[in-house]
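Undergrad: Sequence plus predicted model, see below.
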Amino acid sequence: MTVNFSKKYGQVFLNDKNIAAKEVRLLGIEPGDHVLEIGPGHGILTGILLSEPVKLTAIEPDHRFYESLKISYHDHIASGKFNIIKESFLDTEPSYFDHIIGNIPYNISSPILFKILDFNFKSSILMVQKEFARRLVAKPGTKEYSRITINTSVRSTIKILFNVTRKVFSPVPDVDSAVISIIKKDVDIDLANFDKFIAKIFSMRRKKLSTILNYNGPLSEKRPEELDLSQLLTLYSRN
Ligand SMILES: C[S@@+](CC[C@H](N)C(=O)[O-])C[C@H]1O[C@@H](n2cnc3c(N)ncnc32)[C@H](O)[C@@H]1O
């Protein structure tokens, strides 16, 4: 299939089937599982996923890919193994899937990731821009450690599994990629309030907490960027 890429949809296409197969293997699929694929594009992951004993739902807003995958996988659709939906994943109602996978558009990685965290799932594997992946796993005291690190790590455990060179995509993008895994955590705090607190203190990330919060006590001589997640949660519960 020849389809021109669209910048609006953040389209670059993986050419390397071994990398796609490795991503699928890392999902840890079991027979009968229901997998959600975000942004199948030409379908490099889709074909591999459909060779597994699973049910697959794919979400793709670009009507060209939607139509072409519908034709290519007509039999799988007819048998109920495959379902393709033409919409933005950002408009998809959260629900349960055993696994979520996608080589996602880099221009909307952050909203896609937070949307995924509204779903329930056993495992998720995503290809993202390398720099974005590094922000997700950043350690306190580094410049990548930021609001997104904290808001994702309070809800999930994210790991970088391997890096991927830009050379295996067409068209060749300006950035390298990384494949990450996401496992959700149980959360019992008000996430919107916690984010407000984190946004406030990280807007002054190099100031001491005694100045930002006008308080003296444990951690007050520290700066927001120095605190790990459990220290930030302790501080949040005190304020
Ligand atoms: C980086 S390309 C990857 C395509 C294919 N999965 C691959 O690995 O070659 C991103 C894909 O996500 C689709 N996409 C863009 N915006 C989307 C959205 N809001 N929801 C779901 N898919 C989206 C694009 O049309 C494109 O097919």
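TA: Noted; the coordinates are in hand. Values in this document were obtained by computation on a predicted structure and should not be read as measured data.

Undergrad: Hmm, K130 and I180 touching each other?
TA: No - the criterion here is C-beta atoms under 8 Å, and I180 misses it with K130 at 10.1 Å. From N, CA and C alone the C-beta is placed, and that goes for glycine too.

Undergrad: Look at these two and report which has more neighbours.
TA: For I180 versus K130, neighbours defined as other C-beta atoms under 10 Å are more numerous around I180 (20 against 16).

Undergrad: three-state assignment of the more buried one?
TA: With DSSP: H, G, I helix; E, B strand; the rest coil as the basis, I180 sits in strand.

Undergrad: Quick check: beta-bridge partners of it?
TA: Applying DSSP bridges to I180 gives these bridge partners: L126, I160.

Undergrad: And S170, by the same measure?
TA: Here S170, judged by DSSP bridges, has bridge partners F13.

Undergrad: Could you pull up the contacting residues of it?
TA: Neighbour list for S170: 5, 12-13, 15 [criterion: C-beta atoms under 8 Å, 6 or more residues apart in numbering].

Undergrad: And L233, by the same measure?
TA: With C-beta under 8 Å, 6+ apart, L233 has these contacts: 154, 189, 194.

Undergrad: among those, which ones are buried?
TA: Among these, those classed as buried by 16 or more other C-beta atoms under 10 Å are 154, 194.

Undergrad: Reformat the contacts of L233 as a markdown table; add distance to the ligand and secondary structure.
TA: Below are those laid out as a markdown table (distance: C-beta to the nearest ligand atom, whole Å; DSSP: H, G, I helix; E, B strand; the rest coil):
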| residue | distance to the ligand | secondary structure |
| --- | --- | --- |
| V154 | 24 | coil |
| I189 | 28 | coil |
| F194 | 26 | helix |
